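[1] Curious how this folds, go ahead:
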Amino acid sequence: MKKLYSQMTPEELQAEMKHLQELGQAAFDEQRWSEYEVHMKKWYLAKSYLIKDTANIEIGRTYRIAEEYDRLTVSFIEGVMAWGTRESTAQSAAVPIAMLEEKDDD
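    Residues are numbered from 1 along each chain as shown. Predicted coordinates for the structure are as follows:
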């Protein structure tokens, strides 16, 4: 039985991320977009567990969402998920903390 990301060591998480990246690249190369998106979401989730103790996500701050043309204003953090409001739709959403990017260049 496969371990949950929350049960993995940093080394196991890094190995899982490498595996997911390889699967994602193969799906991308073959234009299987849905499969690519699934692998990348899992990659960001695994990365979130890897960085959860060092991530500095600020409540009330707006971040770009990686792999998307959208931003999220963070309301609260629960585990490795950042909850907030999407700029594009004004709807509540949760994204893995690793998907939040601090870019002020737009």
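[2] how about E35, secondary structure?
    Secondary structure assignment for E35 (DSSP: H, G, I helix; E, B strand; the rest coil): helix.
[3] For the remainder of this discussion, apply numbering that starts at 751.
    Sounds good: first residue 751 from here, last item E785.
[4] Who are the contact partners of it?
    Contact criterion C-beta atoms under 8 Å, 6 or more residues apart in numbering gives L773, A777 as the residues in contact with E785. C-beta coordinates here come from the backbone N, C-alpha and C atoms, glycine included.
[5] Now that we're looking at it, what pLDDT does it have?
    Predicted confidence (pLDDT) for E785: 97.
[6] which stretches of this protein form helices?
    If DSSP state H is used as the criterion, the helices of the chain fall at 760-779, 783-801.
[7] Return the most buried member of those helices.
    helix 783-801 (a mean of 18; mean count of other C-beta atoms under 10 Å).
[8] starting at the chain centroid, how far to that one?
    For helix 783-801, the distance from its own C-alpha centre to the chain's C-alpha centre is 6 Å (C-alpha atoms, centre = their mean, to the nearest Å).
[9] No further queries at this time; thank you.
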